[in-house]
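1. how would this look folded up:
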Amino acid sequence: GTCTLGSALTLGLTRTFTLTRGTLALANFTLSCGLFSSNNTNTRAINFGTGNITTTGSGTVFTTATATGLTYTGTPTVNISNNSATATTVTAHTTGGTAANAFNFNITTGTYALTLTTASVVDDLNFTGFAGTWAPATATCTFYGSLTLVSGMTFTTGSGLWTFAATSGTQIITSAAKTLFSITKSAAGSTFQLADALTLSTTATFTLTLGTLDLGNFTLSTGLFSSSNSNTRSIIFGTGNITVTGSGTAWTTATATGLTYTGTPTVNISNNSATAATVTAHTTGGTAANAFDFNITIGTYALTLTTASRVRNLIYTGFTGTWAPATATCTFYGSLTLVSGMTFTTGSGLWTFAATTGTQVITSAGKTLFSITQNGAAAQTVQFADNPTLSTTATYTFTTG
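-> Presented below is the predicted three-dimensional model:
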């Protein structure tokens, strides 16, 4: 059966509309109720058209915890409009939620503490008009649309995980200068785009598994950046950059097969501590076409650049820690800049300068280096910015250029 609205329908703040079976046809009107519930595995549908469901109560105001069997047509708009300071909970599609049945949620008013139940699945989540608090803590959430936070709300970060899983279109994240937690971009065929600078906590990870990351000319700041797989994926840097603020494993693109970029591929390693950090860059599948620039900008820690890493430029300006490559190898498609304030411990490793065009500049800053091979293309130039000294057991091999 079908229940069709003949006009806007308003239930009281403490009243519930429950959809157990059949079809609810909003007929382009608003259904307003204290609580909306459709938590079962029966076959049921909501025909939104241009209508919406607006909840006005407090406490538990929306639950589609079990969304198996639930479908919709039209634009699936749900407004959470609790205009009070009483805590409110939304439970959206924690079981059976998919890209095909996820709803848009607008958190439109109120000063309350919002709970979005862990494992909820939503399309768009928009906090425009909200002046309360959202503190997800360890909660997980899957988005098939965009996320819009606002400056007037309070966001308390934690150790949760948000997965952006759309398979087409562009998912836009507006962070409004809030510090967020871990994010995974997990699906092919879609773009994850920054609408402003995005900052994740120093213990959080941004993981690019598939699809496109568009920095929108902004800075993505994260404790760890990870994109180590052979899937087709890309980063649109433009004039933006990725800044890594964590310690321990700070960056890994160990398997860079399938990874491409546009713009200037700037990565800042900005661990402002004395705790050791490791960068693993393109050890498999790294080429001149997909290597990144790394700026080691601050900190007194011991840096490890994993052996067989491939980078474009590697610049240590601002770094006062230690780089002791020992037996490590590294391939450069750009320049290397050491600085006097850092500590460099030489070993028996090998650096290969392999650009196919342009000038690669080596600034040794008075450090004693190890073996270097120059074997790019005929159009390559390697140029010294100061007097280079290699150890007495090292070799400079000049092959091409």
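2. how much space between Thr184 and Gly96?
-> 21 Å (Cβ to Cβ, to the nearest Å). Quick note: C-beta positions are derived from backbone N, CA and C, even for glycine.
3. more neighbours: which of those two?
-> Thr184 (20 against 15; other Cβ atoms under 10 Å).
4. next, the contact list for the more buried one, please.
-> Counting by Cβ atoms under 8 Å, 6 or more residues apart in numbering, Thr184 touches 161-164, 206-207, 209.
5. can we see that at 6 Å?
-> Residues near Thr184 by Cβ atoms under 6 Å, 6 or more residues apart in numbering: 163, 207.
6. next SSE after the one helix or strand it maps to?
-> Element membership for Thr184 (DSSP states H and E) is strand 182-185. Using DSSP H and E, the helix or strand that follows strand 182-185 towards the C-terminus is strand 191-194.
7. which other helices and strands contact the helix or strand following that following strand?
-> Sequence-wise, the next helix or strand downstream of strand 191-194 (DSSP H and E) is strand 198-200. Packing contacts for strand 198-200, counted by 3 or more Cβ pairs under 6 Å, 6 or more residues apart in numbering; DSSP states H and E, involve strand 219-222.
8. who does whichever helix or strand comes after the strand it packs on pair up with?
-> Downstream of strand 219-222, the next assigned helix or strand under DSSP H and E is strand 224-226. When sheet partners are counted by DSSP bridges, strand 224-226 sits next to strand 205-208 (parallel), strand 248-255 (parallel).
9. what stretches of the stretch 51-200 of the chain score poorly on pLDDT?
-> For the stretch 51-200 of the chain, no stretch is flagged by pLDDT under 70.
10. okay, now the residue nearest to Ser190 when sequence neighbours are not counted: neighbour count?
-> Sequence neighbours aside, Ala166 is the residue nearest to Ser190 in space, at 4.1 Å (criterion: Cβ to Cβ, 6 or more residues apart in numbering). Residues lying near Ala166 (other Cβ under 10 Å) number 23.
11. confirm for me that Ala166 is in contact with Ser146.
-> No - using Cβ atoms under 6 Å, Ala166 is not in contact with Ser146, being 9.1 Å away.
12. what's stretch 277-290 in contact with?
-> With Cβ under 6 Å, 6+ apart as the test, stretch 277-290 has contacts from 247, 249-257, 259-260, 271, 301, 303-306, 308-311, 333, 356.
13. likewise for stretch 27-41?
-> Contacts of stretch 27-41 (Cβ under 6 Å, 6+ apart): 4-5, 8-11, 13-19, 49-57, 61-66, 68-69.
14. now the strands paired with strand 224-226 in a markdown table, with distance to Phe398, mean pLDDT and mean neighbour count?
-> Shown next, in a markdown table, are the strands paired with strand 224-226 (distance: least, Cβ to Cβ, whole Å; pLDDT from 0 to 100; neighbours: other Cβ atoms under 10 Å):
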| stretch | distance to Phe398 | mean pLDDT | mean neighbour count |
| --- | --- | --- | --- |
| strand 205-208 | 38 | 98 | 21 |
| strand 248-255 | 30 | 97 | 21 |
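15. and those strands as JSON lines, adding distance to Leu35?
-> Shown next, in JSON lines, are these (distance: least, Cβ to Cβ, whole Å):
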{"stretch": "strand 205-208", "distance to Leu35": "36"}
{"stretch": "strand 248-255", "distance to Leu35": "45"}
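16. nearest to Gly74, of those?
-> Proximity to Gly74 (Cβ to Cβ) singles out strand 205-208 among the strands paired with strand 224-226, at 32.8 Å.
17. quick one: that closest one to chain centroid distance?
-> Put simply, strand 205-208 sits 5 Å off its chain's centre (Cα atoms, centre = their mean, to the nearest Å).
18. dump the C-alpha coordinates for stretch 303-310 into CSV.
-> What follows is stretch 303-310, C-alpha atoms only, in CSV (Å, rounded to 0.1, in the frame of the first residue of the first chain):
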residue,chain,number,x,y,z
LEU,A,303,64.6,10.9,9.4
THR,A,304,64.6,7.6,7.5
LEU,A,305,64.0,7.8,3.8
THR,A,306,63.3,4.2,2.9
THR,A,307,65.8,2.6,0.5
ALA,A,308,64.9,2.6,-3.2
SER,A,309,62.7,5.7,-2.7
ARG,A,310,62.2,7.8,-5.8
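19. flag every buried residue along it.
-> Of all the residues in stretch 303-310, those buried under the rule 16 or more other Cβ atoms under 10 Å are 303-306, 308-310.
20. of those residues, closest to Ser234?
-> For those, the closest approach to Ser234 (Cβ to Cβ) belongs to Arg310, at 17.4 Å.
21. nearest residue to the residue nearest in space to the middle of the chain in space, ignoring adjacent ones along the chain?
-> For the chain, the residue nearest the mean C-alpha position is Phe206 (4.0 Å; Cα atoms, centre = their mean). In space, and not counting its chain neighbours, Phe206 is closest to Thr222: 4.3 Å by Cβ to Cβ, 6+ apart.
22. for the one you found, list each beta-bridge partner.
-> For Thr222, the beta-bridge partners are Val244 (DSSP bridges).
23. Thr207 is in contact with that one, correct?
-> No - between Thr222 and Thr207 there is no contact under Cβ under 6 Å: 9.5 Å.
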